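Engineer: okay, structure incoming, though there's no sequence with it:
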C-alpha cells in the first residue's frame, strides 16, 4: 500500500489542529502524539517538506514558535559509528525504523530523529556505516 501524500495545506491544517489539541508548546513529539490519535502527516514528513519544524509552525500561523538553540552533540562521524554498531548487531533489520528502536534507551547513541536530521537519506548513511564497519 502506498503512503498517503499530503498537500502543504493539509500539513499546515494538521499543525493548527494539533496546536489546538495539545497543552504547551507544539513540539514535533507533541504533534506526533496527537497525530497517533487523529491521523495526518508525520512530524518528520512535515520537517522534510518545510525544512524546519518552526518554519512549518510559522506558515501554519501559530503565534508561539519554540526555537531551540541546542547545539548538536553528535558529529557526523559519531552518527556513522553508531549506525555501524546497529548494523552489525545480530538480528539487525538494517532499516531506519530498526535503528530508531535499537537506539531507544541506549546511552551514548544518537536518536533516530537526530540521525535523520544529519543524514536525511537512510540508504546513503547505511552505505557509509557499512563501509566504516568493514574498516
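Structural biologist: Received it, and whenever you're ready, just let me know what you need. As the structure is a prediction and not an experimental result, all values here were calculated from the model.
Engineer: can you say which helix or strand has the nearest residue to residue 110 once chain neighbours are set aside in it?
Structural biologist: Nearest non-adjacent residue to residue 110, counting by CB to CB, 6 or more residues apart in numbering: residue 74, 4.4 Å away. Heads up, the C-betas are built off the backbone N, CA and C, glycines and all. Secondary structure from DSSP states H and E places residue 74 outside every helix and strand.
Engineer: what's in contact with the host helix or strand of residue 126?
Structural biologist: Taking DSSP H and E as the criterion, residue 126 maps to helix 122-134. For helix 122-134, contacts defined as CB atoms under 8 Å, 6 or more residues apart in numbering pick out 79-81, 83-84, 86-88, 94-96, 115-116, 119.
Engineer: farthest pair in the residues you listed?
Structural biologist: Greatest spacing in these, by CB to CB: 88 and 116 (20.5 Å).
Engineer: so which of the two has more stuff around it?
Structural biologist: Neighbour tally, residue 88 and residue 116, criterion other CB atoms under 10 Å: the higher count belongs to residue 116, 19 against 12.
Engineer: quick revisit: among the contacts of helix 122-134, which ones are in helices?
Structural biologist: Taking DSSP state H, the ones among the contacts of helix 122-134 that sit in helices are 79, 80, 81, 83, 84, 86, 87, 96, 115, 116.
Engineer: who wins on neighbours among the residues you listed?
Structural biologist: Busiest of these [other CB under 10 Å] is residue 83, holding 28 neighbours.
Engineer: the nearest residue in space to that residue that is not next to it in sequence: neighbouring residues, count only.
Structural biologist: Nearest residue to residue 83 in three dimensions, chain neighbours excluded: residue 129, at 3.9 Å (CB to CB, 6+ apart). For residue 129, the count of nearby residues is 25 (other CB under 10 Å).
Engineer: right, I'll call it a day here.
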